[in-house]
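S.K.: Okay, structure incoming, though there's no sequence with it:
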């Protein structure tokens, strides 16, 4: 399995395979960050993701020109956070959304994610999104990676997570168990 | 979507749907599912839950990874073309300049050598004053 450092080195050299691997691993991390910290911008998550990936290419060029924008020892999760933050804040300024304290407002905004308000389906989606929001970020990223694989013909889960297929399935299982407990366990407590 | 209570083999069912069960346990659970309606219902409920999770979480990216990689390759190709152009521009000036400098140095060396080798003869050939 290629290490994150090797991927970043290859990316800086201009290696297309390294770039593919980097994007494959960064996408779920970026989407998890967007879902968690910028749910109010959900309607433009695809655009922010696109802009964040372009920003990554821009940072590479600047890095090669001598501006230190990328750190070979930086974990990809942290790189995803920086990319998304910059682009999401730009987008929120443009669209007039307030992202300051976005975590605090997210619960309210989550309620507005889908249109059929107060229907039974809507309540289920609210519960679901809230449950996912309460998961640790790594677990949310696993679920997002699986969703990308299943519904958007995304790369295999193992490639997106940078682990072996067995380990990827284990992580998925843990994330699902945790979510199931949060959703159905919560109901049992009530 | 139905919200069943967690059944007596709920976690195993999650593992089953995530394909992490050992073959023996999997076979045993499948045999159990044939007889247990409660577990059958939970399998369906968990399937529905995970499918809904996928629907809620899936964001359709504007570009596929292949498209982004193609963009990246284009950027890298442009960078390399720029670097080659810079090298060529340098060569256009630096090569002739280098040749000229080398030629000038060679000429100076020849002159110096010629001067050094002819001067003693000239000295020897010069008429002595009485």
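M.R.: Perfect, thanks for sending it. Quick caveat: nothing in here was measured; it's all calculated off a predicted structure.
S.K.: where does chain B have low pLDDT?
M.R.: For chain B, applying pLDDT under 70 flags the ranges B:1-5, B:118-130.
S.K.: Now do the domain split for it, please.
M.R.: B:10-57, B:61-122 (automatic domain parsing).
S.K.: most packed of those?
M.R.: Among the domains of chain B, domain B:10-57 has the highest mean neighbour count (mean count of other CB atoms under 10 Å in any protein chain shown), at a mean of 16. For every residue, glycine as well, the C-beta is placed using N, CA and C.
S.K.: Throw the domains of chain B into JSON lines and include distance to residue A:37, thanks.
M.R.: JSON lines is the format used below for the domains of chain B (distance: least, CB to CB, whole Å):
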{"stretch": "domain B:10-57", "distance to residue A:37": "15"}
{"stretch": "domain B:61-122", "distance to residue A:37": "18"}
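S.K.: will you turn these into JSON lines that also has distance to chain A?
M.R.: As requested, those are exported to JSON lines (distance: least, CB to the nearest CB, whole Å):
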{"stretch": "domain B:10-57", "distance to chain A": "4"}
{"stretch": "domain B:61-122", "distance to chain A": "4"}
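S.K.: For residue A:45, which of these is the nearest?
M.R.: Closest approach to residue A:45 among these (CB to CB): domain B:61-122, 9.1 Å.
S.K.: ok, which stretches of chain B are helices?
M.R.: B:10-17, B:23-35, B:37-57, B:65-125 (DSSP state H).
S.K.: can you give me how far the last one is from the chain middle?
M.R.: Between the centre of helix B:65-125 and the centre of its host chain there is 33 Å, according to CA atoms, centre = their mean, to the nearest Å.
S.K.: do the same with the second one
M.R.: Between the centre of helix B:23-35 and the centre of its chain there are 45 Å (CA atoms, centre = their mean).
S.K.: circling back: among the helices of chain B, which comes closest to residue A:139?
M.R.: helix B:37-57 (11.4 Å).
S.K.: Now do the closest one: which elements does it pack against?
M.R.: helix A:120-134, helix A:137-151, helix A:165-180, helix B:10-17, helix B:23-35 (3 or more CB pairs under 8 Å, 6 or more residues apart in numbering or on different chains; DSSP states H and E).
S.K.: which residues sit against the last one?
M.R.: What that stands for is helix B:23-35. Helix B:23-35 has contacts (CB atoms under 8 Å, 6 or more residues apart in numbering or on different chains) with B:9, B:12, B:13, B:16, B:21, B:39, B:40, B:43.
S.K.: Show the contacting residues for the residue lying closest to the first one once chain neighbours are set aside.
M.R.: Right, residue B:9. Nearest non-adjacent residue to residue B:9, counting by CB to CB, 6 or more residues apart in numbering or on different chains: residue B:39, 5.6 Å away. Residues near residue B:39 by CB under 8 Å, 6+ apart: B:7, B:8, B:9, B:13, B:32, B:33.
S.K.: Fine by me, we can end here.
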